[in-house]
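>>> this one's structure only:
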Ligand code: HEM
C-alpha cells in the first residue's frame, strides 16, 4: 500500500482519478467486472473522460490503463526491454521463482523455447486420440441428467486433458481426485490475501502446491531412473533438457525445480482459460442458432467422410476452418483475460505521457476487442469477422509478441475435438438466463451455464 501511495503521487502527470484512500476505484471496478459487459463500461467511461491512457487505483495497486494499437505494440512486443510481466504477490509465491511467468529477458526467451517446442502443433498429434476418447466419454454422461453445469463439467474435462498431456496422470482414480482437490486449493489461493498463516486460503494453497510438487518429484525420479516412461510433455523435457546435477551447466538444461515450477505454471495458465473459452463457446452457439447450424454442417461433413468410426484423425482436425473462426470470435467477444499486466522496466513515453520505471501498466484488451471501428456491432457474435486475416494487434485472444500463449495449439485442439462430438450428436438448451460474469481474473459465466442435453 505504501509503495502504491508513493507511485500514485508520482503519477501526477497522467490523467485519471485514484478514487478513495486505500480502496481507490476498486468498488466500481469489481461491480462492473461482474456485469455482462465486464470492465468495458469502466474503461469506456474513463477513456471518454481522460483518453486512451489513464491512471487508477485498483485492489491496492496504483496502475496505468492503456488501450489501442500503439500501447499494444509497446506493451506486448516488449521491445528494448521496456516492460516485464507483472504478477500479483500471491501468484509469485505459488508459482515458484523459476516459472516462465517470473523470468525476463534472455532467460525468458531460452526457457520459452524449451517449453514451447513440446506444445507445438506437430507435438499435439500424439494427444489427439486421448482427447477424442475423453470428450466422447464426458459427453456420454451429459444426457438424461436434470442439469449440466457446463463450466464444472468442462473444468473436469480440461484438467484431465492437461494433467495427462503434461505428466500422464490417469483421467480416473484416486490420484486424479487428489490432484484435482489440490489444484482447486492452489487456484483459490491465487485470488486470496497472501497471508501464510495456518487456516488461511493462501496457506492451504501453498500446502497443496507442496503436495503436487512431491507427486512430481516421484514422477521425475522414476523417469530419470528409466521406469514408467511416457510420451508426455515432462518426458520430452527430461529426455532433451534435464540437468543430471544441480551444478551442471548448459543453457538448454533444466533443474528439477524448473521442471516443477513450469509444469505448475502450464497447469495454472492452461486450465481455467481453456475451461472458460469452451464454456462461453457452447453458450454463444446456443444463443446463435444460425452459426450453430453452419458449424454443425462442417462437423457432420467431417463425420460422414469417416465411415462410422468415432475417432477423429489429424487431417480431419485440419479441416475445421469454420470452427477455428468460431473459437477466435469466442475469445474476442468473451475476452477471457480482460487485461494484460506489465511493469515498466525503464522510463518511456506513450501518447505524450511519461511512464516511469517500476509503474504497473495494464493493456485494456476488452476495449480493443469491442472497438466499433475494428469490430463493428461488437456485441454481435460473428465468426465471419475472421474470414480475412486481421491487422496485427487488433485481435489478442492469445496475446501477441514475446509472451504470446505457448498453449494455444493445445487449447484449440481440446476445444475443436469437444465441439465436434457435441454438435454432431447432441442438442442443448439453457436452464437459466443470466449473463453476469464471475468476479475472478479469468472471465466465466457466473451461473456456470446450466443446460439440459438430449441426443440429436
Ligand atoms: C483458450 C485458452 C487460452 C487462452 C485464451 C490463453 C490466453 C493467453 C494469453 C492472452 C496470454 C498472454 C498474456 C499476456 O501477454 O500477459 C497467455 C500466456 C500464456 N499461456 Fe495461455 N491461454 C490459453 C490456454 C493455454 C494453455 C492450454 C496453456 C498451457 C498448456 C497456456 C499457457 C500459457 C503460458 C505459460 C503463458 C505465459 C507465456 C509467457 O509468459 O511467455 N495457455 N495465454
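Looks like it came in fine. A quick note: this is a predicted structure, and the numbers were derived from the prediction, not measured. Numbers count the residues shown, from 1 in each chain.
>>> ok, then the element right after the helix or strand hosting residue 161?
Residue 161 is part of helix 150-167, with elements assigned from DSSP states H and E. Later in the chain than helix 150-167, the nearest helix or strand by DSSP H and E is helix 174-190.
>>> pLDDT of that next one, averaged?
Helix 174-190 carries an average pLDDT of 95.
>>> what residues of that helix count as buried?
Using 16 or more other C-beta atoms under 10 Å as the test for burial, helix 174-190 gives 176, 179, 182-183, 185-187, 189-190. Backbone N, C-alpha and C define where each C-beta goes, glycine included.
>>> and if you look at stretch 226-237?
Buried residues in stretch 226-237 (16+ other C-beta under 10 Å): 232-237.
>>> same question for stretch 215-224.
Buried residues in stretch 215-224 (16+ other C-beta under 10 Å): 215-216, 219-220, 223.
>>> of those, closest to residue 452?
Closest approach between the buried residues of stretch 215-224 and residue 452, by C-beta to C-beta: residue 215, at 37.0 Å.
>>> against residue 161, how distant is the residue in the stretch 301-450 of the chain positioned nearest to the ligand?
Using C-beta to the nearest ligand atom, the single residue of the stretch 301-450 of the chain nearest to the ligand is residue 407, 2.1 Å away. Per C-beta to C-beta, to the nearest Å, residue 407 is found 11 Å from residue 161.
>>> the more surrounded of those two?
Higher neighbour count among residue 407 and residue 161: residue 161, with 26 against 20, using other C-beta atoms under 10 Å.
>>> isn't that one right next to residue 130, touching?
Yes: assessed by C-beta atoms under 8 Å, residue 161 is found in contact with residue 130 at 7.4 Å.
>>> hmm, back to that, check contacts around the residue of the stretch 301-450 of the chain closest to the ligand.
119, 266, 269-270, 273-274 (C-beta atoms under 8 Å, 6 or more residues apart in numbering).
>>> at 10 Å instead, please
Residues counted as contacts of residue 407 (C-beta atoms under 10 Å, 6 or more residues apart in numbering) are 115-116, 119, 162, 165, 266, 269-271, 273-274, 398, 414.
>>> list the buried residues in stretch 332-344.
Those buried within stretch 332-344 under the rule 16+ other C-beta under 10 Å are 332-342, 344.
>>> any shared contact partners between residue 161 and residue 130?
171, 417.
>>> for the ligand, see how far away the spatially closest residue to residue 430 that is not a sequence neighbour is.
Spatial nearest neighbour of residue 430, excluding adjacent residues (C-beta to C-beta, 6 or more residues apart in numbering): residue 451 at 5.5 Å. According to C-beta to the nearest ligand atom, to the nearest Å, residue 451 stands 20 Å off from the ligand.
>>> is it true that residue 451 touches residue 286?
Yes: contact criterion C-beta atoms under 10 Å: residue 451 and residue 286 qualify, at 7.4 Å.
>>> any residues in contact with both of these two?
Shared contacts of residue 451 and residue 286, counting by C-beta under 10 Å, 6+ apart, come down to 150, 427-430.
>>> what's the PyMOL syntax to select whichever of these are buried?
Filtering the shared contacts of residue 451 and residue 286 down to the buried ones (16+ other C-beta under 10 Å) takes a single PyMOL command:
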select buried, resi 150+428+430
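>>> for the shared contacts of residue 451 and residue 286, give me CSV that also has distance to residue 72 and pLDDT.
As requested, those are exported to CSV (distance: C-beta to C-beta, whole Å; pLDDT from 0 to 100):
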residue, distance to residue 72, pLDDT
150, 31, 98
427, 39, 98
428, 36, 98
429, 38, 97
430, 34, 97
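>>> flag every residue of the stretch 101-250 of the chain that's near the ligand.
101, 112, 119 (C-beta under 6 Å from any ligand atom).
>>> now residue 149. Nearest residue, chain neighbours left out?
residue 448 (4.2 Å).
>>> same deal with residue 333?
residue 381 (5.6 Å).
>>> need the three-state assignment for the residue nearest the centre of the chain.
Centroid-nearest residue in the chain: residue 273, 3.2 Å away (criterion: C-alpha atoms, centre = their mean). Local secondary structure at residue 273 is given as helix here, using DSSP: H, G, I helix; E, B strand; the rest coil.
>>> correct me if wrong: it contacts residue 158.
Yes: counting by C-beta under 10 Å, residue 158 is a contact partner of residue 273 at 8.9 Å.
>>> so residue 126 touches residue 165, yeah?
Yes: contact criterion C-beta under 10 Å: residue 126 and residue 165 qualify, at 9.2 Å.
>>> among these two, which residue is more densely surrounded?
More crowded of residue 126 and residue 165, by other C-beta under 10 Å: residue 165, with 27 against 12.
>>> name the nearest residue to that one, ignoring sequence neighbours.
Residue 165 sits nearest to residue 127 (C-beta to C-beta, 6+ apart), 5.3 Å away.
>>> correct me, but the one you found touches residue 236?
No: with contact defined as C-beta under 10 Å, residue 127 does not reach residue 236; the gap is 11.9 Å.
>>> tell me which parts of the stretch 301-450 of the chain are close to the ligand?
For the stretch 301-450 of the chain, the contact set with the ligand under C-beta under 6 Å from any ligand atom comprises 331, 336-337, 340, 397-399, 403, 405-407, 410-411.
>>> now with 5 Å?
Taking C-beta under 5 Å from any ligand atom as the contact definition, the stretch 301-450 of the chain meets the ligand at 336-337, 340, 398-399, 403, 405, 407, 410-411.
>>> tell me the two of these that are most distant?
Most distant of these, by C-beta to C-beta, are 340 and 410, 19.9 Å apart.
>>> and the next helix or strand past the helix or strand of the chain with the lowest mean pLDDT?
Using mean pLDDT, DSSP states H and E, helix 2-10 stands out as the lowest-scoring helix or strand of the chain, at a mean of 67. Following helix 2-10 in sequence order, the next helix or strand is helix 26-33 (DSSP H and E).
>>> show me what that following helix is packed against.
helix 40-50, strand 53-58 (3 or more C-beta pairs under 10 Å, 6 or more residues apart in numbering; DSSP states H and E).
>>> got the angle between it and strand 53-58?
100 degrees (axes from the mean of the first three to the mean of the last three C-alpha atoms, to 10 degrees).
>>> buried residues in the helix or strand that contains the residue nearest to residue 430?
For residue 451, the enclosing helix or strand under DSSP H and E is strand 450-455. Buried residues in strand 450-455, counting neighbours by 16+ other C-beta under 10 Å, are found at 450-453.
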